[in-house]
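Asks: predicted model follows, preceded by the sequence.
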Amino acid sequence: MRAILIFILLIIVFSCKTKEKPIHFMFLEKHSGKTTSSYKNNKHIYLYVESYLIDNLPEDEKKGFNKERYDLEYNFFKKNNKICKLEDDITLYHTRFYKKTLCSEKYINKKNDYTGVSRSVIYEECEDDTEYDFYYKRNEENPNMWILYQNLWGKQYHDTIYCDPNIKKVNLLDM
């Protein structure tokens, strides 16, 4: 009788499937918004940054380019970016992704601190948590066109986003 109970218990334990938690993208409001990138020809060059933490990413044993992860982040970017709603004075757009870890999650409610001794910046402090990023530049001749040129581990990636000129522009967050 005891052997039968142990056998049944083992069947139950081994037949239970472990559910994988769904992958979740969390917008980092304190690390997103419009900021000055540089100064050229007596004009500010504005950049809009969107930063995300990704929770429940599968472990990545190998270092280097991971096509599955890149595609996951790129597809999220394509569905969720605000690039076509940006004000006309923004010429650069940057989306950053970080794995959610003990290091990176403290930045959910903490801004980057670029000052002196107390300097604390997510992309420096949590360098191992950095995932992929997408950096687009507005075309100077056609302001409704954004272009990505990216080199990842020796492979070139190009993308162009064409925006409908009739889309209403919105004032997005400032950093």
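Replies: Thanks, I have it. Just so we're clear, the structure is a prediction, and the values are computed from it rather than from any experiment.
Asks: switch to C-alpha atoms for all contacts and neighbour counts from now on
Replies: Noted.
Asks: quick one: the strands in this structure, in order.
Replies: 24-27, 33-40, 43-55, 90-99, 130-138, 145-152, 155-162 (DSSP state E).
Asks: return the most buried member of the ones you listed.
Replies: strand 90-99 (a mean of 22; mean count of other Cα atoms under 10 Å).
Asks: list the helices and strands that one packs on?
Replies: Applying 3 or more Cα pairs under 8 Å, 6 or more residues apart in numbering; DSSP states H and E, we find strand 90-99 packed against strand 43-55, strand 130-138.
Asks: adjacent strands (with direction) for the shortest one?
Replies: Yep, that's strand 130-138 we're talking about. strand 90-99 (antiparallel), strand 145-152 (antiparallel) (DSSP bridges).
Asks: can you tell which of these is closest to Asp159?
Replies: strand 145-152 (5.0 Å; Cα to Cα).
Asks: what's the angle between the closest one and strand 155-162?
Replies: Put simply, strand 145-152 runs at 170 degrees to strand 155-162, going by axes from the mean of the first three to the mean of the last three Cα atoms, to 10 degrees.
Asks: quick revisit: could I get the strands of the chain as TSV with distance to Tyr70 and mean pLDDT?
Replies: Shown next, in TSV, are these (distance: least, Cα to Cα, whole Å; pLDDT from 0 to 100):
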stretch	distance to Tyr70	mean pLDDT
strand 24-27	14	95
strand 33-40	23	80
strand 43-55	12	90
strand 90-99	10	93
strand 130-138	7	91
strand 145-152	10	83
strand 155-162	11	84
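Asks: turn those into TSV, including distance to Glu68.
Replies: Listed next are the strands of the chain as TSV, based on distance: least, Cα to Cα, whole Å:
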stretch	distance to Glu68
strand 24-27	16
strand 33-40	28
strand 43-55	14
strand 90-99	14
strand 130-138	12
strand 145-152	14
strand 155-162	15
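Asks: that older thread, mind putting the strands paired with strand 130-138 into CSV with distance to Ile161?
Replies: Output for these, formatted as CSV (distance: least, Cα to Cα, whole Å):
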stretch, distance to Ile161
strand 90-99, 12
strand 145-152, 5
